[in-house]
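In: Test case, fold it:
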Amino acid sequence: MATGLPTVMGWVNHEGQWRGKYYERIKASSNVVVLDDEVAAYFPNSAAVNKALHSIVDVAQKASAQARRTTGRGKQRRTG
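Out: Coordinates of the predicted model:
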């Protein structure tokens, strides 16, 4: 019998999991992101997605640190 729910890890009949006694715990401890099909086509698996996201975070942190260093100094007024 089809329920319209996605199949999770090959389990077809899992209605109880979706709204059962562990639903709130799973919802609170899970971090699921659904990628657009166009984006997902570039990543073969979740490890590749995580590697790309870690790279973006590293670049953003380095850029932020660099911006703090360069804007931390006040501009000196030229005389003369």
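In: Tell me, please, where in the protein the pLDDT is lower than the cut-off.
Out: 1-19, 71-80 (pLDDT under 70).
In: Show me the longest helix that occurs in it.
Out: When the chain is parsed with DSSP state H, its longest helix is helix 46-71.
In: Quick check: buried residues in that one?
Out: Across helix 46-71, burial judged by 16 or more other Cβ atoms under 10 Å covers V49. Every residue, glycine included, has its C-beta placed from N, CA and C.
In: I'd like the distance between D36 and F43.
Out: Going from D36 to F43 by Cβ to Cβ, to the nearest Å gives 11 Å.
In: The two: who's more crowded?
Out: F43 (14 against 7; other Cβ atoms under 10 Å).
In: and that one, backbone torsions?
Out: Main-chain dihedrals, F43, degrees, to the nearest 10: phi -120, psi 120.
In: and it, what does it touch?
Out: Each residue near F43 by Cβ atoms under 8 Å, 6 or more residues apart in numbering is listed here: 35, 49, 52.
In: let's see it at 7 Å
Out: V49 (Cβ atoms under 7 Å, 6 or more residues apart in numbering).
In: For it, give its distance to V32.
Out: Counting by Cβ to Cβ, the separation of F43 from V32 is 15 Å.
In: if we can go back for a sec, and the longest helix of the chain, what does it pack onto?
Out: Contact partners of helix 46-71 among helices and strands, from 3 or more Cβ pairs under 7 Å, 6 or more residues apart in numbering; DSSP states H and E: none.
In: what's the first-to-last distance across stretch 27-44?
Out: Counting by Cα to Cα, to the nearest Å, you get 25 Å between the two ends of stretch 27-44.
In: hmm, I was thinking of stretch 34-48
Out: Counting by Cα to Cα, you get 14 Å between the two ends of stretch 34-48.
In: Noted, bye for now.
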